[in-house]
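> sequence first, predicted coordinates after that:
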Amino acid sequence: LIDSERLCNPYELPDSYRLRAGVELGPRGQALAYHIRSAHQSEAGLTHHAYQWKKIAKRKRWGRLQILHIFEPEQADQTRGVNVFVSSLKSLKMLEQFQDATLQNAIVNAMYAAVIESEMDSQTVLAALGGVDDGHNNAFTNYLAQVAGYHQKAKNIRFNGVKIPHLLPNEKLELKTASTNAAFSQFEDTLLRHLAASMNLSFEQLSKDYSKTNYSSARASMLESWKYFLGIREIIPARFCSQLYALWLEEMVNKGIIQLPNGSPNFYQAKSAWCRCLWIAQGQTHIDGLKEVKRIELLMNLGLLTYEKAAMMLGEDYQELFEQRLREKQEMGSFQNNRNKKAQ
């Protein structure tokens, strides 16, 4: 596997009609060769290989693939894949900045446990802010000393064992608590919904928060995403696995490890037939297993679903299921016979 960033134009040349982002194109726009950087761009200061490129033809002379370049094409003449986060980069940056600002606000609020508010005349405030010296002591320092002395004398005032703060006239004690932005959760949910929509996911799947939805809404969103997942499976992972399987099978046939039946066409005459395969991936997630099983049972009774498709919905191979059930049935029969013999 090669990092996609290493696929680039040699010597960082600009794109041209026949060379786009490291992919060399033919007269009909087909990919002919790939220019792979020998090292990643970030390793430019560590090795000279970052300034070297290697040209690799897509296929050998007889058609065997040498480069597996798989992506989801969204328009004609597209030579490279597009990152799924491209349409939501701005929203991601806004979410990061908002989270940082909210955290900083909470930290500042948590730094002060209590604040005493006091009213001072204008002359004293100006002297305190400007640090004006009255010739002997700073006016603000004198004021704080008087306040401290007053509080020192009044600190032992109690009523039924409870301490009562006695403040100067015009003073007010205000307790501070670390508060969060009330709109943070709503703003974060709104951005996450935009991100989920750009990635063809549901909000619940992206945020892992299922507390704000019901069964019908969650199932509808999951089924909508499931259609997208099935399409992506056929475009990217299934194609990747099929091409790997075709390369392996071609090698095994040419080495004689796998013998084709007599009278059948050779590997290259019917390559698509020999390499035809079906890939089974993770099964669909079910919210209510009982309802989903009844749905599958009803579809099978109506003849609209086969054992193969039903097993694939669960991420299983129907042939392996049948073989395993047969083995278990035989083992249960043998176990029962042995038990009867011991009882006799």
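In hand now; what should we look at? Numbers count the residues shown, from 1 in each chain.

> got the contact list for stretch 329-344?
Residues from elsewhere that reach stretch 329-344, judged by C-beta atoms under 8 Å, 6 or more residues apart in numbering: none at all. Glycine gets a C-beta too; all of them are placed from N, C-alpha and C.

> can you give me the buried ones in that stretch?
Within stretch 329-344, no residue qualifies as buried by neighbour count (16 or more other C-beta atoms under 10 Å).

> same check, this time on stretch 185-200
188, 191-192, 194-196, 198-199.

> next one: stretch 276-287
Neighbour-count burial for stretch 276-287, counted by 16+ other C-beta under 10 Å, picks out H286.

> residues in contact with L65?
58-59, 243, 246-247.

> so which of these are in helices?
Taking DSSP state H, the ones among the contacts of L65 that sit in helices are 243, 246-247.

> number of residues surrounding the residue lying closest to I235 once chain neighbours are set aside?
Spatial nearest neighbour of I235, excluding adjacent residues (C-beta to C-beta, 6 or more residues apart in numbering): E72 at 5.1 Å. E72 has 12 neighbouring residues, counting by other C-beta atoms under 10 Å.

> K58 too?
A count of nearby residues for K58, using other C-beta under 10 Å, gives 17.

> select the helix or strand of the chain having the lowest average pLDDT value.
Lowest on mean pLDDT, DSSP states H and E among the helices and strands of the chain sits helix 122-130, with a mean of 50.

> closest one of the contacts of L65 to P265?
Set against P265, the nearest of the contacts of L65 by C-beta to C-beta is A246 (15.4 Å).

> tell me the one of the ones in helices among the contacts of L65 nearest G149?
When the ones in helices among the contacts of L65 are compared for distance to G149 (C-beta to C-beta), Q243 wins out at 85.9 Å.

> who touches the nearest residue to that closest one once chain neighbours are set aside in this structure?
The shortest distance from Q243 to any non-neighbouring residue, by C-beta to C-beta, 6+ apart, is to L68 (5.3 Å). Applying C-beta under 8 Å, 6+ apart to L68 gives the contacts 240, 243-244.

> for this protein, which spans come out with low pLDDT?
Counting by pLDDT under 70, the chain contains low-confidence ranges at 109-144, 146-148, 150-182.

> which residues in it form helices?
Here the chain has its helices, by DSSP H, at 89-110, 122-130, 139-153, 184-198, 203-207, 215-235, 237-254, 271-274, 289-301, 307-313, 318-343.

> returning to what we had before: please list only the buried members of the contacts of L65.
58, 246.

> and the residue nearest to I235, what does it touch?
81-82, 232, 235-236 are the contacts of E72 under C-beta under 8 Å, 6+ apart.

> rerun that using 7 Å as the cut-off
81, 235-236 (C-beta atoms under 7 Å, 6 or more residues apart in numbering).
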